[in-house]
Structures are given as structure tokens and as C-alpha cells.
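1. following is a predicted model, sequence given first.
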Amino acid sequence: MKNRKRIGILTSGGDCPGLNAVIRAVVSHATLTYDWEVLGISYATQGLLEARATTLKMHGLDLRGIDPLLFMGGTILGTINKGDTLAHASEIIAGYQTLELDALIGIGGDGSLSILHNLAHQGNWNFVGVPKTIDNDVALTERSVGFDTAVNTITNALNSLTFTAASHDRVMIVEVMGRKAGHLALQAGIAGGADVILIPEIPYSIEGICQHLAQLRDRSWRKFAIVVVAEGIEAIKDLSDCDGLCQSTLTCGMGQYIADQISHCSTEKIETRVSVLGHIQRGGIPSALDRLVATAFGKTAVDLVAQGKYDQMVAWQNGQVVAVPLQEVMLQSPSPVDANGYLVPIARSLGIYVGDGFQFSQQSKVSCLENDNAFLTKRETH
Ligand SMILES: Nc1ncnc2c1ncn2[C@@H]1O[C@H](COP(=O)(O)OP(=O)(O)OP(=O)(O)O)[C@@H](O)[C@H]1O
Ligand SMILES: O=P(O)(O)OC[C@H]1O[C@](O)(CO)[C@@H](O)[C@@H]1O
Ligand SMILES: [Mg+2]
């Protein structure tokens, strides 16, 4: 029988920099301000299912007085981004009771928060959500923990690629994460000086990209280019009958697909190289902004528990940390880039190609070319 309030904390979905900073803020504030016990639950819903948890103490992990949680990437609790929660809902719900939790703080992206919100509803849990994801696609918050660090990681990669691209007169294609949202591609693309940014929210054409690259060469004497491709863009056509490296969009990513397409842009073959940044974007040391957001979110989540305000998510709005109803968040997530928002015109005003704005069905589709020396010789209009 416990005599102190006991709260649980878990991390769910893909990991990202800043998760440990949230955990640190929750443990510090809950113990120092409220004298509560904090249970760290391992591997998200899996830990609840197995009732696997450890008491987290403020100085449990310090090294000679240094608390590494503020700047360690990943999550000390472990995480999962898949599993059959529906089949195990009753066992997961029972885990909350077995651990004798008074409340649970769940740090997750849109997928995890939706699952936890439903479980909390079914199990009558006292639940507070904290948004984290490099994709920044959780609705009603301008920032999710991990996004800023990932933008910085991509921006640094674009900086590095610019030098080698310029030295060899190459077009560098950089595929970035984000699932079906283009926030990472758009923000890092602008910050990193990209020439082309392709995001799922705005239709593009191969012809439009080719024309843009030609203009760069003709008007600016710039023989190299940086093309940022969000992993979630759609292929304009099936490549199964093409000769290129990318035989189908299932066997290669969209970065390779775009490279294959634009290598046929002009009579002079364009030399391309593809970099898929992959999970490097999820690693690294959290940026100062992510640490700040993580700390503010962790502190506010604990305060919401203290006030008995549940079924809420902490959110960053207009420079303030606020609470928003999880139900509302779920209805609007995943949240895409606003094609009419302020960032797209900023990018275009710098001369960056960010798509044509036409619908896929109305635009020209480029056929597979029989040899490398033809530029749009075969074109079908659909
Ligand atoms: N803890 C979990 N248990 C079971 N399934 C999960 C869990 N977290 C996410 N999923 C599922 O995994 C898939 C991918 O989720 P996703 O990776 O988008 O997680 P997220 O919480 O949104 O975080 P992020 O997008 O940053 O990785 C979704 O279909 C989601 O339902
Ligand atoms: O870790 P996994 O399962 O490869 O997931 C990768 C996905 O997770 C994210 O990193 C975060 O949602 C996406 O940007 C990416 O598509
Ligand atoms: Mg997600």
C-alpha cells in the first residue's frame, strides 16, 4: 500500500533527441515540487502489458554529479512503434492498475498518442500526453520534441553536400524522413539552401524540376544543385518499365526515383548522387531548443497531473506552453505543411522550386526514355 502519489512515464513511437530531457524534467518536478514517486515504464505499451517498470530517481544515473539525461539522445526507457495494441488492450489496461498508477504521462507522436488516448478512455486512466516526433506532424502544437534537432542535422548535411556538389557540378538528391508530412524537408531545405524541395503536400512535375535546374545553369551559371526530397512524396508514374536504377518505387526510395527521373532532364546527362539520411535524423544530441521545449513540456505535464487535468496534451503555441484536449489533437493529426502558410512563399521568393501547384492528374507525365540523350522527347498528357 503506497502513501505517496505514483505517476508512470513512458516513451512511444520512433525515438528522437530530447526524450530524456522530458523524462528528466518530469522526474525533477514531480519529486522536488510534489514529492511523488515516478515509475519509468519500459518499451511503451509493451511495458504496461508486462507491468515492467522501475522507480526513477533524480540522481539515479549521474556520473560524478553530471546528469547526462539533458543531452543524451534516444530514450532510457526504450520505445516501440509497432504492436498489436487492439489484441492486447485489456492486458495493457490492467498494467496501469497492477503498477498502481495514479496518472500516466505518455510521450509520443500522433500514432502513439492516438493509441494511448484510446486506451486511457477504455481503462479510465488519468492520462497526459507530451508531443514528440521528428516529423512535427502532431496537430495543435507548433513544436514537437525532436523536430528542431532533426532540422539541424539535415541542414548540416545539406551544408556538407553543397561543397562536394559544387566541386563536381553534380545534382545532389537528399531524401529526408517525415512520413506523409513535409515539415522536415521544407524547413531544413530553406535553412540549408536547397534549390528544389519536394514535399507530399504540394504536387510537383519532373518537367518543372528540369526547367528549374536548367534555369539555375543558364541564368545563375550554377552547375550544381541541392534537391531535398521528403520520403512521403508520390511517384508521378510507375517505373516498372524504365531502365534506370529505380525499377519500382517499392524497391527504392523517392530520392532514387527523383534522381533517375532528372538524370534525363537534358541532352547533356545530369550527374546525380543520392544521400538517404535515414535514422541519422533521429539520433544526435538534442539542440538547445529541443531541450528547452522538452523541459517546459515535462514540467507542464506534471502540473496538469497535479491539477487533475487529464486527457490533455501539452502544446507549444505562440511561444507559450498550453494544454489542449487530446481528442482535438487526434482529430487533426497528422498535421501536414500548410501549402498556403508563410514558409512556402518564403522558399519560392528565394527561387526555390517547391512544386508546381497543379494536380497530378492534370499534369504532363514523362515517359520512360529509351536513351539518355533525349529530353522529354516522348511525352504523354493525361
Ligand atoms: N507503442 C505503440 N504500440 C503499438 N503500436 C504503435 C505504438 N506506437 C506507434 N504505433 C503504431 O506504429 C505505427 C507508426 O507509428 P509512428 O511511428 O508514427 O509513431 P508516433 O507515435 O506517431 O511517433 P513517430 O511518428 O515520431 O515515430 C502506427 O501505425 C502506430 O499506430
Ligand atoms: O524507426 P522506423 O520504424 O524505421 O521508422 C521510421 C519512421 O519513423 C520516423 O522517423 C518518425 O515517425 C519517420 O520519419 C520515419 O518514416
Ligand atoms: Mg507519427
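-> Right, received. Where do you want to start? Ligands and ions are numbered 1, 2, ... in the order given.

2. how close does the residue in the stretch 201-350 of the chain that ligand 3 sits nearest to sit to Lys180?
-> Minimum separation of the stretch 201-350 of the chain from ligand 3 (C-beta to the ion) falls at Pro334, amounting to 6.2 Å. Just so you know, the C-beta spots here come from the backbone N, C-alpha and C atoms, and that holds for glycine as well. Distance, Pro334 to Lys180, by C-beta to C-beta, to the nearest Å: 6 Å.

3. helices of the stretch 101-250 of the chain, start to end?
-> Remark: helices assigned in the stretch 101-250 of the chain by DSSP state H, counting those that start in this stretch are 110-123, 147-168, 183-191, 206-220.

4. quick one: pLDDT of Cys379?
-> That one is not Cys; residue 379 is Arg. Arg379 carries a pLDDT value of 27.

5. for Glu370, same thing?
-> Value for Glu370, per-residue pLDDT: 29.

6. how about Lys365?
-> Reported pLDDT for Lys365: 35.

7. now the one 10 residues further on
-> Per-residue confidence for Phe375 comes out at a pLDDT of 27.

8. same question for Leu61.
-> pLDDT, Leu61: 59.

9. all further residue positions should be reported with the first residue as 54.
-> Okay, using 54 as the starting number, the last item reads as Leu114.

10. just list whatever residues bridge to Val229.
-> Val229 forms beta bridges with Ala283, as assigned by DSSP bridges.

11. in stretch 390-410, what counts as buried?
-> 390, 392, 396-397, 400, 405-409 (16 or more other C-beta atoms under 10 Å).

12. what about whatever residue of the stretch 254-403 of the chain ends up closest to ligand 1, neighbour count?
-> Distances between the stretch 254-403 of the chain and ligand 1 by C-beta to the nearest ligand atom are smallest at Pro387, namely 7.6 Å. When counting by other C-beta atoms under 10 Å, one arrives at 18 neighbours for Pro387.

13. and it, its phi and psi?
-> phi -70, psi 140 (degrees, to the nearest 10).

14. contacts only, for the residue positioned nearest the centre of the chain.
-> In the chain, the residue lying closest to the centroid (C-alpha atoms, centre = their mean) is Asp188, at 1.6 Å. Shown in contact with Asp188 (C-beta atoms under 8 Å, 6 or more residues apart in numbering): 162, 197, 200, 230-232, 234, 236-237, 387.

15. up against ligand 3, what does the stretch 54-203 of the chain have?
-> 162-164 (C-beta under 5 Å from the ion).

16. what about 8 Å?
-> Neighbours of ligand 3 within the stretch 54-203 of the chain, by C-beta under 8 Å from the ion: 66-67, 134, 162-165, 186, 188, 190-191.

17. just to revisit the earlier point, what touches both of Pro387 and Lys233?
-> Here Pro387 and Lys233 have Asp190 as joint contacts, going by C-beta under 8 Å, 6+ apart.

18. for ligand 2, what is the nearest residue in this protein?
-> Met230 (3.1 Å).

19. distance-wise, check the residue in the stretch 204-353 of the chain that ligand 1 sits nearest to relative to Gln309.
-> Residue of the stretch 204-353 of the chain nearest ligand 1, by C-beta to the nearest ligand atom: Arg232 (6.3 Å). Computed as C-beta to C-beta, the Arg232 to Gln309 distance reads 18 Å.

20. Leu152 too?
-> 46 Å.

21. flag every residue of the stretch 304-435 of the chain that's near ligand 3.
-> Counting by C-beta under 8 Å from the ion, the residues of the stretch 304-435 of the chain near ligand 3 are Pro387.

22. quick one: the strands in the stretch 304-435 of the chain?
-> Ranges of strands in the stretch 304-435 of the chain, per DSSP state E, counting those that start in this stretch, are 325-329, 365-370, 373-378, 417-419, 432-434.

23. in terms of secondary structure, what does the second one contact?
-> Read it as strand 365-370. Contacts defined by 3 or more C-beta pairs under 8 Å, 6 or more residues apart in numbering; DSSP states H and E place strand 365-370 against strand 180-184, helix 341-360, strand 373-378, helix 379-385.

24. cool, the third one as well?
-> Strand 373-378 sits against helix 341-360, strand 365-370, with contacts defined as 3+ C-beta pairs under 8 Å, 6+ apart.

25. what's the shortest one in contact with?
-> Just to be clear, that refers to strand 365-370. Counting by C-beta under 8 Å, 6+ apart, 166, 181-184, 191, 193-196, 346, 349-350, 353-354, 357, 374-379, 382 sit against strand 365-370.

26. quick one: buried ones out of those residues?
-> 166, 181-184, 191, 193-194, 196, 346, 349-350, 353-354, 357, 374, 376-377, 379, 382.

27. the domain parsing of the protein - what is it?
-> In terms of domains, the chain is parsed into 59-199+339-385, 203-335 (source: the TED database).
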